[in-house]
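[1] Fold the following.
(one chain, ligands or ions: 1)
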Amino acid sequence: MFEVLPQLPADPILGLSAAFKADPNPQKIDLGVGVYKDEKGLTPIPTAVAKAQRILLETEDSKTYISPRGVPGFVDGLLELLLGKGHPALLEDRIAAVQAPGGCGSLSIVSELLKRCNADATVWYSDPTWANHIPLIGKAGLKLEKYPYFDKATASVKFDEMIDCLKANAKAGDIVLLHGCCHNPTGADLTQEQWQELASVLADKGLLPFVDIAYLGFGDGLEEDAYGLRLMVEKLPEVALAASCSKNFGLYRERTGLAALITTSKVVKEAIQTQIQSIARAIYSMSPAYGGALVDIVLNTPDLRAEWVAEVDAMRERMKELRALLVTKLAEKGANKDFAFVNQQKGMFSFLCITPEQVLEMRNKHSVYFVESSRVNIAGISKENVDALAEALVSVL
Ligand code: LMR
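    A predicted model of the protein is given here:
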């Protein structure tokens with residue numbers, strides 16, 4: 001029976017790693033999958049997380065099941081990090097939440113829940129968005145539609161078109177998927193004023209914000225990057241949230257995420273809590289504990305928390321420096337296009353705003369690997385490879 005199924009093409013993002021590994025060119029450059037890399041091209045375990053591993057090794061005394069909600073210090077600690085200490089929704093106990101396997105697991109749980117709440121809802125997503133949003137959310141059976149977001153010609157957010165599209169087409173009860181910060185794939189974020197205008201439109205039209213936040217701390221700072229999410233929670237009665245600890249805690253393979261629904265009351269929360277736990281139970285029963293246990297230790301041990309905050313700050317500052325370095329090198333090497341917009345973009349990704357043909361030329365002729373949309377992982381740039389990267393880019397323009 002298995003022969004009825006065809007072979008599928010490689011994943012547009014994960015497939016790049018395999019292609020990169022297979023390339024024998026010693027000068028090859030990997031700007032593909034979104035993982036943070038240091039100057040040596042390695043993806044280190046943050047020292048605060050490594051210390052938490054040692055603590056856990058000494059203190060963990062059982063591998064019995066954790067509760068369906070997850071590791072309590074992780075769920076509560078991450079919600080507090082995202083929303084701010086003493087947030088009214090936390091004090092009023094109206095947030096349903098489960099620890100979930102990574103950002104993807106969290107997005108799945110939330111999508112299934114939204115489908116149970118309103119099977120007719122359409123999820124509006126930014127054009128472009130992270131490639132995996134569409135299969136993940138679509139798998140829950142929700143309808144998907146795009147809203148305009150990024151203009152490649154001007155390398156900026158088409159905010160007016162986004163707002164006009166939502167005003168004209170979204171119906172009450174629809175869901176608007178938003179990137180909390182460090183938009184993936186473009187790196188182009190909304191300004192605080194734009195977040196405010198968007199919040200009013202969602203409130204006026206009765207739309208539900210679904211905030212995916214996977215890069216907290218990589219844009220302007222851990223507090224600053226939570227602005228949009230916090231504003232939505234302040235202005236809208238209900239918010240759906242999927243958060244990932246892959247990037248900022250360096251826990252990629254530990255699949256550590258959080259699915260949360262900010263509801264209007266403790267009574268509603270209690271019902272939704274049973275719903276999300278039943279969704280998880282029917283797929284994988286409960287989340288793996290390990291990554292959440294580490295985040296719990298880091299967030300709830302003052303020294304480790306301070307150390308981790310400093311490490312996130314250092315990762316962010318390094319990515320900002322790499323942006324500036326790339327822009328300078330491109331100008332020095334005579335690029336016939338102004339790449340200054342790369343300095344305005346936030347987080348791990350930038351859209352270079354070149355054509356798919358140029359991206360493929362970069363890959364095939366120069367062994368520089370990045371997503372066909374022209375998304376590059378800024379953290380893959382280094383002082384060592386930036387000259388070769390800039391020369392290759394100038395040559396394909
Ligand atoms: C990315 O966007 O490259 C990362 O989030 C990894 C992934 O799963 O696609």
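
[2] Contacts only, for the residue in the stretch 251-397 of the chain positioned nearest to the ligand.
    Relative to the ligand, the nearest point of the stretch 251-397 of the chain is Asn377 (7.0 Å; CB to the nearest ligand atom). C-beta: built from backbone N, CA, C; applies to glycine. With contact set as CB atoms under 8 Å, 6 or more residues apart in numbering, Asn377 has these partners: Asp30, Leu31, Gly32, Val33, Gly34, Val35, Lys37, Met348, Phe349, Phe370.

[3] Do you have the helices of the stretch 201-350 of the chain handy? List them.
    For the stretch 201-350 of the chain, the helices defined by DSSP state H, counting those that start in this stretch occupy 227-235, 266-283, 290-300, 302-332, 341-344.

[4] Which stretch among those helices is buried most, on average?
    helix 290-300 (a mean of 23; mean count of other CB atoms under 10 Å).

[5] what angle separates that helix from helix 302-332?
    Counting by axes from the mean of the first three to the mean of the last three CA atoms, to 10 degrees, helix 290-300 lies at 100 degrees to helix 302-332.

[6] Mind checking the pLDDT average for helix 290-300?
    Averaged across helix 290-300, pLDDT comes to 98.

[7] which secondary structure elements does it contact?
    On a contact count with 3 or more CB pairs under 8 Å, 6 or more residues apart in numbering; DSSP states H and E, helix 290-300 meets helix 47-59, helix 72-83, helix 302-332.

[8] at 10 Å what do you get?
    helix 47-59, helix 72-83, strand 95-100, strand 257-262, helix 302-332 (3 or more CB pairs under 10 Å, 6 or more residues apart in numbering; DSSP states H and E).

[9] Format these as CSV; extra columns: distance to the ligand.
    Listed next are the helices and strands packed on helix 290-300 as CSV, based on distance: least, CB to the nearest ligand atom, whole Å:
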stretch, distance to the ligand
helix 47-59, 18
helix 72-83, 18
strand 95-100, 14
strand 257-262, 11
helix 302-332, 14
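
[10] and His179, which of these is closest to it?
    helix 72-83 (14.0 Å; CB to CB).

[11] Straight-line length of stretch 15-35, end to end?
    Stretch 15-35 has an end-to-end distance of 14 Å (CA to CA, to the nearest Å).

[12] Tell me, how many residues neighbour Arg54?
    10 (other CB atoms under 10 Å).

[13] how close does it sit to Glu307?
    Distance, Arg54 to Glu307, by CB to CB, to the nearest Å: 13 Å.

[14] before we move on, back to that, now the residue of the stretch 251-397 of the chain closest to the ligand, which residues is it bridged with?
    Asn377 has these beta-bridge partners by DSSP bridges: Phe349.

[15] What distance do you get for it to Val327?
    Distance from Asn377 to Val327, by CB to CB: 16 Å.

[16] again with Ala242
    For Ala242, the distance to Val327 - CB to CB - is 32 Å.

[17] if I pick Gly217, what's in contact with it?
    81, 181-182, 223-226, 247-249, 308-309, 311-313, 315-316, 347 (CB atoms under 10 Å, 6 or more residues apart in numbering).

[18] try 7 Å
    Applying CB atoms under 7 Å, 6 or more residues apart in numbering, we find Gly217 in contact with Asp225, Asn248, Val312, Arg316.

[19] Backbone dihedrals for it, please?
    phi 100, psi -10 (degrees, to the nearest 10).

[20] Same question for Val176.
    Dihedral pair for Val176: phi -120, psi 110, per degrees, to the nearest 10.

[21] Was I right to think it contacts Val211?
    No. Using CB atoms under 7 Å, Val176 is not in contact with Val211, being 9.3 Å away.

[22] Output the contacts of Gly217 in a markdown table, with pLDDT and distance to Leu142 appended to each entry.
    Output for the contacts of Gly217, formatted as a markdown table (pLDDT from 0 to 100; distance: CB to CB, whole Å):
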| residue | pLDDT | distance to Leu142 |
| --- | --- | --- |
| Asp225 | 98 | 26 |
| Asn248 | 98 | 28 |
| Val312 | 98 | 32 |
| Arg316 | 98 | 33 |
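
[23] closest to Ile45 among the residues you listed?
    Asn248 (12.7 Å).

[24] And the pLDDT at the closest residue to the closest one other than its chain neighbours?
    Closest residue to Asn248 apart from its sequence neighbours, by CB to CB, 6 or more residues apart in numbering: Gly217 at 4.8 Å. Reported pLDDT at Gly217 in the predicted model: 98.

[25] any idea how far Gly217 lies from Glu321?
    According to CB to CB, Gly217 stands 16 Å off from Glu321.

[26] For burial, what's the neighbour tally of Leu360?
    For Leu360, the neighbour count with other CB under 10 Å is 12.

[27] Please identify which helix or strand holds it.
    Assessed by DSSP states H and E, Leu360 sits inside helix 356-366.

[28] Which strands and helices lie in contact with that helix?
    Helix 356-366 is packed against helix 386-396, with contacts defined by 3 or more CB pairs under 7 Å, 6 or more residues apart in numbering; DSSP states H and E.
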